[in-house]
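**Q** here is my input, please return the structure:
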Amino acid sequence: MPATISPPLRIQPLLRPAEPKDVPAIIALGRKTFTATFGHSCSPSDLNAYLSSAYSPSAILESIINPEEHMIVAVSSFPSHSDHILGFVNLHTTSSSSEPCMDNADAPIEFQKFYVDLEAHGMGIGRRLSDNAEEWAKEKGYKTVWLGVWEENEKAQKVYKRFGYERVGNHNFALGECIQTDWIMQKSL
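**A** This next block holds a predicted model:
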């Protein structure tokens with residue numbers, strides 16, 4: 001009898017606001033995911049400089065405690081792994097003023113650093129994080145969500161399109177000496 005292949009297991013993570021105790025796990029996941037996605041596109045020194053800045057303990061802690069930001073983590077629902085972060089999204093309430101394509105957006109909020117563990121892709125975690133973040137944003141009165149996604153990251157672009165985002169512009173993203181182009185995508189809430 002031929003073996004059957006099961007579809008990926010859909011994990012039902014617990015979603016909650018990030019806490020200071022999560023800083024090391026967020027750093028590890030952010031560095032791992034960022035390196036896998038962008039590491040080939042820049043020099044090792046540019047990559048390391050970015051990771052040292054964006055994923056330093058002080059930078060992540062500041063995102064967790066800053067009243068202009070709201071970070072949500074998806075953690076394992078298994079009690080023995082309850083500190084294992086499967087993904088996270090950081091919402092930034094004041095960053096749209098720097099994006100001309102967002103000038104006419106109605107009550108915008110930015111999703112920054114939206115990452116799911118590479119080993120958990122395809123398990124519905126990104127959708128759950130997005131839905132939860134959108135609900136939080138709606139409760140706070142935001143009406144438009146936007147994000148930047150690297151022009152060469154077609155996989156993420158497809159996911160965001162499935163989530164209802166559309167491309168409205170672009171901006172440059174400096175990764176050390178390497179200047180990359182991000183698409184700006186938005187969605188009405």
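
**Q** all strands of the protein, in order?
**A** For the chain, applying DSSP state E gives strands covering 14-17, 69-75, 85-92, 108-116, 144-150, 166-175, 178-188.

**Q** avg pLDDT for the fourth one?
**A** Confidence for strand 108-116, expressed as mean pLDDT, is 91.

**Q** now swap in the second one and tell me
**A** Strand 69-75 comes out with an average pLDDT of 95.

**Q** do the last one as well
**A** Mean pLDDT, computed over strand 178-188, is 91.

**Q** ok, residue 18 - contacts?
**A** 26, 63, 64, 71, 72, 73, 88 (Cβ atoms under 8 Å, 6 or more residues apart in numbering). C-beta here means a position set from N, CA and C on the backbone, and glycine is covered the same way.

**Q** circling back to that earlier point, dump the strands of the chain to JSON lines, plus mean neighbour count and distance to residue 36.
**A** Shown next, in JSON lines, are the strands of the chain (neighbours: other Cβ atoms under 10 Å; distance: least, Cβ to Cβ, whole Å):
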{"stretch": "strand 14-17", "mean neighbour count": "14", "distance to residue 36": "23"}
{"stretch": "strand 69-75", "mean neighbour count": "22", "distance to residue 36": "18"}
{"stretch": "strand 85-92", "mean neighbour count": "24", "distance to residue 36": "14"}
{"stretch": "strand 108-116", "mean neighbour count": "23", "distance to residue 36": "10"}
{"stretch": "strand 144-150", "mean neighbour count": "21", "distance to residue 36": "12"}
{"stretch": "strand 166-175", "mean neighbour count": "14", "distance to residue 36": "14"}
{"stretch": "strand 178-188", "mean neighbour count": "17", "distance to residue 36": "16"}
